[in-house]
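quick one, structure for this:
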Amino acid sequence: MVQGQVAQKYELYCKITGGQRIDLLGARVDQLPEIWEELIAAGFESGHAYGKAMRTVKSCVGATWCRYAVQDSTAFAIRIEHRYKGMRAPHKPKAACSGCVHECAEAQSKDFGVAATEKGWNLYVAGNGGARPQHGVLLAADLDEETCVRYIDRFLAYYINTADKRTRTATWLNQLEGGIEYLRKVIVEDHLGICAQLKQDMQARMASYRCEWKAVVEDPEKRKRFRHFVNSDAADDNLQWRMERGQRRPARWEEAFQQTGVGEGMLV
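Prediction:
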């Protein structure tokens, strides 16, 4: 409800994303601290979608609402999301949690994903969408929830510590000598004897979490950065807008400019 109220107040364009997030589009840079002040007061936290950080975890409705699901995928997705929220990585890790083999949450196309079985959870890693889609690879099968979380901890810590900047998990695994077999030895069998250290690394990362927008909202000096002009508090009023399906969007080039001659144009 608060998101809708904020969107209406600031005339923001709303959209539900493929990752089950809610986009609020069209805010001016100087409005961002005000918007986040209202959202934080209502209990929201930064989604860190602006950085190379953990995204929200996609899920299906799970056994609570679906006759095919065999586990509570929604609850597990919430647990995973809160555990790794805001975590920085070489690239933006995406995750999903499906309640059955029908895979409605597309867990096998994520950097890591879990799919429910009658016995527990299958853990897939190094999936990828985008320009070069790649299915995730099964790391371990029929895991109980605690073991699954432990393996995800190790996988993420190992990836973060060894991957180059801007490298997604699919590319990282493709370049890893020994591939999934070697990764399975490291994560599941503790072949290198580093799992205790990976656990400590992950605990330190989770403990360092903070809502970055809350820090901005509460710091007057940081709030000053959010303005269009360095030497003025004035807003940029040059944008042209059009209404579409009851929402405001930026005008397209051909809508904003009426061609009057070669190299010339006029604002409509």
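
any low-confidence regions in the stretch 151-268 of the chain?
258-268 (pLDDT under 70).

so which residues of it form helices?
Listed in chain order, the helices of the stretch 151-268 of the chain (DSSP state H, counting those that start in this stretch) span 169-175, 179-187, 195-207, 212-217, 220-223, 253-256.

so residue 16 sits right up against residue 22, yeah?
Yes: at 5.9 Å, residue 16 counts as touching residue 22 under the criterion of Cβ atoms under 8 Å. Every residue, glycine included, has its C-beta placed from N, CA and C.

more crowded one of those two?
residue 22 (13 against 9; other Cβ atoms under 10 Å).

pretty sure that one contacts residue 12?
No: using Cβ under 8 Å, residue 22 makes no contact with residue 12, being 10.2 Å away.

spatially nearest residue to the residue nearest to the spatial centre of the chain, not counting backbone neighbours?
Centre of the chain computed as the mean C-alpha position; nearest residue by Cα atoms, centre = their mean is residue 55, 1.7 Å away. The shortest distance from residue 55 to any residue other than its chain neighbours is 5.0 Å, reached at residue 94 (Cβ to Cβ, 6 or more residues apart in numbering).

same question, residue 148
Nearest to residue 148 is residue 121, by Cβ to Cβ, 6+ apart, at 4.8 Å.

what distance do you get for that neighbour to residue 151?
Distance of residue 121 to residue 151, given as Cβ to Cβ, to the nearest Å: 10 Å.

what's the overlap in contacts for these two?
Common neighbours of residue 121 and residue 151 are listed as residue 143 (criterion: Cβ atoms under 8 Å, 6 or more residues apart in numbering).

residue 168 touches residue 94, doesn't it?
No: with contact defined as Cβ under 8 Å, residue 168 does not count as touching residue 94 (9.1 Å).

show me the chain divided up by domain.
Using automatic domain parsing, the domains assigned to the chain come out as 2-48+212-267, 57-207.

where do the strands sit along the stretch 101-250 of the chain?
112-116, 121-125, 137-143, 241-244, 247-250 (DSSP state E, counting those that start in this stretch).

what would those look like in a markdown table with distance to residue 28?
A markdown table is the format used below for the strands of the stretch 101-250 of the chain (distance: least, Cβ to Cβ, whole Å):
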| stretch | distance to residue 28 |
| --- | --- |
| strand 112-116 | 36 |
| strand 121-125 | 40 |
| strand 137-143 | 44 |
| strand 241-244 | 12 |
| strand 247-250 | 12 |
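
with respect to burial, which of those strands scores highest?
Of all those, strand 112-116 carries the top mean neighbour count, a mean of 28, counting by mean count of other Cβ atoms under 10 Å.

and that strand, which strands flank it?
With DSSP bridges as the test, strand 112-116 is paired with strand 95-98 (parallel), strand 121-125 (antiparallel).
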